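Student: sequence first, predicted model second:
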Amino acid sequence: MPDVSNTVIADALEELGDLYELDGAIVHRVLAYRRAAQSVRESARSVGGLAQAGRATELAGIGATLQEKILALVQTGAIPAAERLREQFPPGLLALTRLPGVGAKRARLLQRELGIDSLQALREAALAQRLRTVKGLGPKFETSVLAALDELAAESDGEENELPRRATRLLLPAALELGAALTEGLHTQGPTDADVRIAGSARRGADAVKDLDLVAVTEHPQELTQALGRLDEIERVASTSVAGARGRTHSGVAIDLRIATPAQLGNLLQHFTGSAAHNATLRTRAVRAGLHVSEYGVLDDADGASRMCATEAEVYELLGLPWIAPELREDRGELEAAARGELPRLIELGDIRGDLHCHTVASDGRATIAEMARAARDRGYEYLAITDHSASHGFGNGVSPGELAAQIERIAELDARLEGIELLAGSEVNILPDGSLDYADELLARLDWVVASVHTAFGMSQERMTERMIAAIEHPLVDAIGHPTGRLIQRREPYAVDLAAIFAAAARTGTLLEINGNPDRRDLCETHARAAAAAGARLVIDSDAHRTQTVANMRWGVLTARRAWLTPADVANTLPWPELARRRKRTTPRGATPRS
DNA sequence: GCCGTTTTCGGCCCGACTGTTTTCAGTCG
C-alpha cells in the first residue's frame, strides 16, 4: 500500500471543497471540507493509516463520509467525486477564484454566461468589454479584474499561470518588526490619544503571516488613517473610513488597520486577534447563552444591551471564561479547556534556564566560544552547551574527532575562568543514513550533551527514515534529537517519517525532542510538539544560534511551545543543569525517566 | 458534511465593503 501523506490528503480535501463550492454546495458543506483539510494537515498521526483502520473519524471535523473518501484516496489514488467534478470545472476555473473580487459564484457565472474557464479567457473578455454584458457585473468589475490580472502577472514574472502560486507569507520575526515600525509610526504621527496594537496571526505567534492586522482606539479615526498613508513603509492606502483603513507596504504586505473607541479596545483586540476558527466557535458558544459577540461589543438578548469591553479579559468573562492566551486561539480545544478551568500554565521565556544547541567558528558559526558564552550569560541563562557540527557535516566546516577533543579542552578551560554561566561540551552529531553516528562512542561519552540531527539523505522512504531516526533515539549517548522533521517554513516540507513512532521511541528511551527556535525552522512545529508531549515524550527548546545575535531565537521556540500547550514541566531546559544532568538517560536507569 | 447541556435533525458567528442595484448579492476577513 503506497504511503499517502497528510499533506496530499489535506490538499485533496481542499480541492474537493473548492469543487463543491463551484458546484453550488451550501457554504457549510464547503467549510466542513476546509475544516477537515486543516485537521488532517495538523495531525501528527498518519491519517491514511487511520482511515485504513476505519478510525479517521477520531480527528475533529471528520465523519463517516470523509472517512470513506480518504480511504478511497489511499486505496485507489483518487476520490471518485473529485474526478467527476474536475471534468465539469477545469483547473482554470479554480484559478479565477484566486483573483480578489472573484469567488466561486462569479467564476461559475462567467463560465455559464461567457464560457470563460481560464485567466487568459477572462482577460480577453474583460478587454473586449464583454463582462459588463452579464447581469450583475459592470464596467468597474472589468477594471478591477484587469488590475488583478496585471498584479498577478507582475508577481509571477509576466507568466499568467493557470494556478497562481500562493502568495508567500512573511515569517513571524519580519511581521513583528514591520508591525512594531508601523505602530511606532502611528503613535508618533497619529493623534495623541491613539493606542495601536498588533493583532491577527502575528499576535498569536504563527510561523508566518499572510497580512498584518493592526487595531487602534482613538477619538480621532480620520487623523489616524491619514497618518497611516504618510508612513514611509506604506505604498498606498486603498480604502478608508472611520472604522479603519486598508493598504499595503512597499514590500507588498497587506495592512489592515481597524479602529474603534477606547471603551471597545478589548472587543476589537479579541476580534482581530482571531483566529477565525476560534472566533466562530466562541460565538457559537455565546449564542447558546443568548449573547452575540462582535468587534464592537457583546450583545445580550436578555436586555438588548451591547456591552463594550476595554480589555479582552472582560470579553471572555462575559462568556463565563478565563482569558485565553493568543497563542492558544486556534480552535484546538482551548475554549473547552477554558470552560473546564483546565487551561495550561504556558511556558514563558523566563522559565528557560539554559540553551543546549549552538554553533561557533569551530564549525559554521560566526562567533567564538567566549562570545557565545557571554551572549548566553547576558540573557540570564545558567548554562550553555556548545554543539558544533560533527565530522561529516560537509562544506569543510565539520569538526574532526581530533578537533572535538581539543574543543572539549577549550570549553573546560573557559568554563573554569568564566563567571556566571556554566559551559557544557557538546556536539550536533549527524545521524548517518544507516542510523549510526559519525563520532565513536568513546568520544561521545566525553561530552556533556549530544544533539543528533538528520542533515543528509532527506529523500529516503518513510520506513527507512523512521528506522534511521529510531536508531539514533535508541543510542544510549544521544540526549536529544535536533529539528526532528527537517522542515524549512515555506521552503522545504518535512521529510517522510512516522512521527508517532518517533514520539513513542523518544518517550520509551527518555530521549528529548527539540523545538528548534530558528524562525525558519520552528521544528518540531506546534501540533507535532503537542502530540509528542501527549505521547509522553519530553521536549527541549534550543536557539540553534550561529552567531551571538541569534541566541535570542529562543523566543520563537518558546512561542511554538506555547502554541503546543506546553508547560515548564514539559520542557527539560527549564531545569537547573545539575538536575537536568541527572535526568539524562545515560545517568538514569532504563525505563525510569522522570517527568518532573 | 459535521455534530449534540435544546438536537440523531436542523442548525452551523458577525460585520464591512464594493458594485451593482433601487434593497441586495458576492466577497472578504
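Tutor: Structure received.
Student: how far off centre is the one helix or strand A:T225 maps to?
Tutor: For A:T225, the host element (DSSP states H and E) is helix A:221-230. Relative to its chain's centre, helix A:221-230 lies at 32 Å (Cα atoms, centre = their mean, to the nearest Å).
Student: so for that helix, mean pLDDT?
Tutor: Across helix A:221-230, pLDDT averages out at 93.
Student: got the buried residues for that helix?
Tutor: A:221, A:224-228 (16 or more other Cβ atoms under 10 Å). For glycine as for every other residue, the C-beta is placed from the backbone atoms N, C-alpha and C.
Student: which stretches of the stretch 151-300 of chain A have low pLDDT?
Tutor: For the stretch 151-300 of chain A, the stretches flagged by pLDDT under 70 are A:156-167.
Student: quick one: the strands in it?
Tutor: A:170-171, A:195-198, A:208-209, A:212-217, A:234-241, A:244-249, A:254-260, A:291-294, A:297-300 (DSSP state E, counting those that start in this stretch).
Student: which of the ones you listed is buried the deepest?
Tutor: strand A:212-217 (a mean of 24; mean count of other Cβ atoms under 10 Å).
Student: can you give me the pLDDT of the residue lying closest to A:V497 once chain neighbours are set aside?
Tutor: Distance criterion Cβ to Cβ, 6 or more residues apart in numbering; nearest residue to A:V497, sequence neighbours excluded, is A:M465 at 4.6 Å. As summarised for this prediction, A:M465 has a pLDDT of 97.
Student: going on from the helix or strand that contains A:M465, what's the next piece of helix or strand?
Tutor: Per DSSP H and E, A:M465 falls inside helix A:462-474. Next in sequence after helix A:462-474, counting helices and strands by DSSP H and E, comes strand A:480-481.
Student: can you list the strands that that next one pairs with?
Tutor: Sheet pairing of strand A:480-481 (DSSP bridges) gives strand A:449-453 (parallel), strand A:512-516 (parallel).
Student: excluding chain neighbours, what is closest to A:D388?
Tutor: Leaving aside its sequence neighbours, A:D388 sits nearest to A:S363 (Cβ to Cβ, 6+ apart; 3.8 Å).
Student: er, A:E314 actually
Tutor: With Cβ to Cβ, 6+ apart as the criterion, A:E314 has its nearest non-adjacent residue at 5.2 Å, and that residue is A:G266.
Student: that older thread, and of the strands paired with strand A:480-481, who's closest to A:T65?
Tutor: Closest to A:T65 of the strands paired with strand A:480-481 is strand A:512-516 (Cβ to Cβ; 35.0 Å).
Student: now that closest one, how far from the centre of its chain.
Tutor: Here the centre of strand A:512-516 is set off from its chain's centre by 16 Å, with Cα atoms, centre = their mean.
Student: how about the buried residues of helix A:221-230 in JSON lines, adding distance to A:H271?
Tutor: JSON lines is the format used below for the buried residues of helix A:221-230 (distance: Cβ to Cβ, whole Å):
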{"residue": "A:P221", "distance to A:H271": "17"}
{"residue": "A:L224", "distance to A:H271": "18"}
{"residue": "A:T225", "distance to A:H271": "19"}
{"residue": "A:Q226", "distance to A:H271": "24"}
{"residue": "A:A227", "distance to A:H271": "22"}
{"residue": "A:L228", "distance to A:H271": "19"}
